[in-house]
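> predicted model and sequence follow; I will ask about them next.
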Amino acid sequence: MAKEETTINEYHLNRHQPDKPQFAIHDLHEYLKKHQSNTTRPHIHSYYQIIWFKSGAGKHFVDFKEYEVLNNTLFFIAKNQVHYFDPNTHYKGFLLHFNETFLVQKDNETDFFLKYTIFNSPYQQSSCCMDKDMDSILEEYIRQIIRELKGEEAFGREELVRASLKSFLIQVQRRKNELEQADNIDSFTLNEKRVQLIKFVNLVDQHYTKGFSVAEYADLLFISSRTLSDITKQVLNKTPSQMIQERIILEAQRLLLHSNMNVNQIGYRLGFDDPSYFVKYFKKHTQLSPSEFRKSIS
């Protein structure tokens, strides 16, 4: 018996209501065809994206890194990440958009896990390949979402869509864990060290423009600088200082790409009192000056 193919154009929840949790699902091929002039150039969004490449092969670019696209590859794009699609490639699949308030409703372990691992993780890839068994499971969640969005304002509609989305993401994380175990990699679980690491990543994201020292971040986590260094070394093989530097450079690259600010203004935005020091700092970590980087991506 032939497998039922899930087809859509697009469906929305709370469209054009920015003060409410929002969700949308699109047919990937139709979306890329409609928005090709924008999607094939580096850009950012203020919301989260799941891109499910059901079929098609090519490249996808996330935060200035190139990733291979194969059949049944999923990408997880956090808000404010730079990404773009390769042109002239025929993809089939789904594109899910949602804002942070749709994904994170409660201060619990699952919401914390989904927000800061799948979408904001410095130690997990932005993509994951599905096998046939997982493909059918994820397809069913997509069908459930579409059924709810097709209907009118039925009781509990938003909650059922959210529950299907979270179930979808949890299944994906299980698949990631299986792949890591098969490759003899220590799969991601929420042990105490990794929770502290995620909290550190979150704090850096909040405060990287303030020039905090490693000791100040450690104080915010109620641990010693040595303990923080041990955690980042064991899990990522990086120092806390490296992680802070990488976050500053990434934001500088994003601003050079999508803002109209000049180099001095970007330096000030990132907490540099001396614009010339910002230029030296950027060049030290990227081997290009800010102006050279901006020209290279224009």
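Sure thing, it's come through.

> show me where the chain has strands.
Assigned by DSSP state E, the strands in the chain fall at 10-13, 23-27, 48-55, 58-62, 65-69, 73-77, 83-85, 92-98, 127-129.

> redo those strands as JSON lines? Include mean neighbour count, mean pLDDT and distance to Gln253.
Any C-beta I mention is one placed from the backbone N, CA and C, and that applies to glycine too. As requested, the strands of the chain are exported to JSON lines (neighbours: other C-beta atoms under 10 Å; pLDDT from 0 to 100; distance: least, C-beta to C-beta, whole Å):
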{"stretch": "strand 10-13", "mean neighbour count": "17", "mean pLDDT": "78", "distance to Gln253": "31"}
{"stretch": "strand 23-27", "mean neighbour count": "21", "mean pLDDT": "93", "distance to Gln253": "27"}
{"stretch": "strand 48-55", "mean neighbour count": "21", "mean pLDDT": "93", "distance to Gln253": "19"}
{"stretch": "strand 58-62", "mean neighbour count": "17", "mean pLDDT": "91", "distance to Gln253": "12"}
{"stretch": "strand 65-69", "mean neighbour count": "13", "mean pLDDT": "90", "distance to Gln253": "11"}
{"stretch": "strand 73-77", "mean neighbour count": "23", "mean pLDDT": "92", "distance to Gln253": "16"}
{"stretch": "strand 83-85", "mean neighbour count": "21", "mean pLDDT": "92", "distance to Gln253": "13"}
{"stretch": "strand 92-98", "mean neighbour count": "21", "mean pLDDT": "94", "distance to Gln253": "23"}
{"stretch": "strand 127-129", "mean neighbour count": "18", "mean pLDDT": "85", "distance to Gln253": "20"}
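
> now these in CSV, with distance to Ser213?
Converted to CSV, the strands of the chain look like this (distance: least, C-beta to C-beta, whole Å):
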stretch, distance to Ser213
strand 10-13, 43
strand 23-27, 40
strand 48-55, 31
strand 58-62, 30
strand 65-69, 28
strand 73-77, 31
strand 83-85, 32
strand 92-98, 36
strand 127-129, 34
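
> so which of the ones you listed is nearest Gln144?
Nearest to Gln144, of all the strands of the chain, is strand 23-27, at 11.2 Å by C-beta to C-beta.

> re the thing from before, nearest to Thr232, of the strands of the chain?
Nearest to Thr232 among the strands of the chain is strand 65-69 (20.3 Å), distances taken as C-beta to C-beta.

> can you list the strands that that closest one pairs with?
Strand 65-69 pairs in its sheet with strand 58-62 (antiparallel), by DSSP bridges.
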